[in-house]
Each structure stands twice: as structure tokens, then as C-alpha cells.
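> next comes the sequence, and after it the predicted model I'd like to discuss.
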Amino acid sequence: MTTPSRARKNREVRRSDHTTIRYTASGPAGGPTLALIHGWACDRGDFDAVTDHLPEHYRVLAIDLAEHGESRSTRDVWTMEEFARDVAAVLEAEAVDSVVVAGHSLGGAVAVEVGRLLPDTVSHVVALDALHYLSLFPATSEDQAEAVVHLFREDFAGGVRGLVEGGSPAGTDPALKDAYFEKMVAVRQPAGLRSIEALVRWDMDAALRETKQPITVFAIRDLVTREAIDRYGDRLDIVLVDLGSHHFPVEAPEGTAKLLAGVATG
């Protein structure tokens, strides 16, 4: 059965440093609100099908972070905190007083920072296959961080390919992996390189200490390590799912929508 598309309105909000954040709004203004944040080198279109499967009374805001999708910026700061201010600008423009913020991959880090920034507005933070990757999210030594950054500086395409492969369980369709690679390797620069650098230097442990909301992580079962569960299981509600690869919101939009709706109504 085909799910009808929800009516969407494309909107924008302007910030300093010639930053224009574009986003899509759908659903009634008075409904439970979900803010959806895409992953690194992706865009808000990744959530189109997910949005179509959400209950019609939900207010859904799908946001392009700066220099991703249709958003543009000339700024010099590409931290998770600054991306969170992009999201906060949208929430302010939409007069949102209560919201569940869900982010995929890098967007999960941004969602945590939105929770830290807006403790009285964000009721729950959701990470979609994010936060559990110990080589990307928790603060590492400078030597380890520099090694990752060096890879992307010297061979950006190789670094992107490594991310795609690392997020692909055994048996993932090679054509699907190639499609993700082609999309991500075309990320606008310098934001693409600078934001991956900022991610590996993001102090997740400090952010988690200052983020009071409950945080649910929906993680692909085959990509989660025991070490990650042992390290963060007392702070993150890690729920293992079998919905495809790291990019499961694109591959399993109906299943993703059910997960999000369960949190939003819980």
C-alpha cells in the first residue's frame, strides 16, 4: 500500500555570517513536534519517506544543517554546538515550546547539543545509529583525532568510502553503498571537511553530563560493540534494531517512523 505524501512547506530562517537554514515543515502547528536532523554530508530529504509514515497530527520539522542540502553559510565555525544553533533558530522561528529532537549519525551529536542548549524545550533526544561509534563520537586523544583528520585531508574520497563501509553490515547491497558514497563525497567544502574534524574532536562525555533529557539510541545491531554498551548503557537507552545499514532511515522509513512515534508518544 502506498502511503500518501504529507503536505510540506519549504521555509528558511536567517542567522549571522550569511547563514540561511532551509527546512521543511509539515503537520499541524499544535501537534507533537519532531525535529529531524540528517547525518554528515546528507540532507533533509533523507527524512521525506519517514515523515510520510508518521501520524498526521505530528508537527515535523526536517532541517538542512548549514552547507548541507539547500542551506548556505559563509561562517568559519563548524562545531556540533554551532550546528545546534542552526536547529535552535528553526525551533524559535516556528515558536516551538516542546520538541523531540532526532538526529542521524552526526545529526545525533547535534541533537545532543540541541538538548544541552534548550533544556526547557527539548523533551527527548533520539540518535539514529549515532553516539555508539567509539572511533567517532567520544573524545579521543589528540593523536587519534589527528589520525582521522589526516586521512580525510589527504584522501577525502577514501575517508568517505571508509565511513560508508564501516556503516554497512555484511550483505549490504554494493549499489546501495555506492549511492551513499556518491552523495556524501559531494558534500560542500570547506564545511564537509571541517565538520568531520569537529565531530572527532567533539567531547561527547562532557555534552552528556550537561544534557539532562533522556537519550534513546536506535542502533543497527550488527554495528554495535559490547564495549560501547558497557561504556554508555547507563546513560543512553541503546535499542538494537535490524532495519538495514547505518542509513536505515532511508532504507526502512516505515520502521523508523514507528520508532520515532513510539518515543514522541512515550
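In hand now; what should we look at? Owing to the predicted nature of the structure, the values given are computational and were not obtained by experimental measurement.

> against residue 200, how distant is the residue nearest to residue 162 when sequence neighbours are not counted?
Nearest residue to residue 162, sequence neighbours excluded (Cβ to Cβ, 6 or more residues apart in numbering): residue 151, at 7.4 Å. (Glycine included, C-beta is placed from N, CA and C.) Distance, residue 151 to residue 200, using Cβ to Cβ, to the nearest Å: 10 Å.

> list the contacts for residue 235?
Applying Cβ atoms under 8 Å, 6 or more residues apart in numbering to residue 235 gives the contacts 208, 215.

> what kind of secondary structure is it in?
Assigned with DSSP: H, G, I helix; E, B strand; the rest coil, residue 235 falls in the coil class.

> circling back to that earlier point, wait, the residue nearest to residue 162 touches residue 158, no?
Yes - using Cβ atoms under 8 Å, residue 151 makes contact with residue 158 at a distance of 6.8 Å.

> hmm, back to that, list the contacts of the residue nearest to residue 162.
158, 159, 162.

> what's the neighbour count on the last one?
Which is residue 162. As a burial measure, residue 162 scores 14 neighbours (other Cβ atoms under 10 Å).

> and the average pLDDT for stretch 102-118 is what?
Stretch 102-118 comes out with an average pLDDT of 98.

> now the strands for the stretch 1-150 of the chain?
Along the stretch 1-150 of the chain, counting by DSSP state E, counting those that start in this stretch, strands occupy 8-15, 19-26, 33-37, 59-63, 99-104, 122-128.

> and the angle from the second one to strand 59-63?
Spelled out, that is strand 19-26. Orientation of strand 19-26 against strand 59-63 (axes from the mean of the first three to the mean of the last three Cα atoms, to 10 degrees) gives an angle of 150 degrees.

> dump the contacts of residue 151 to JSON lines, plus distance to residue 265.
As requested, the contacts of residue 151 are exported to JSON lines (distance: Cβ to Cβ, whole Å):
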{"residue": "158", "distance to residue 265": "43"}
{"residue": "159", "distance to residue 265": "39"}
{"residue": "162", "distance to residue 265": "38"}
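
> of the residues you listed, which belong to helices?
Using DSSP state H, the subset of the contacts of residue 151 located in helices is 158, 159, 162.

> need the contact list for the first one.
Under the criterion of Cβ under 8 Å, 6+ apart, the contact list for residue 158 reads residue 151.
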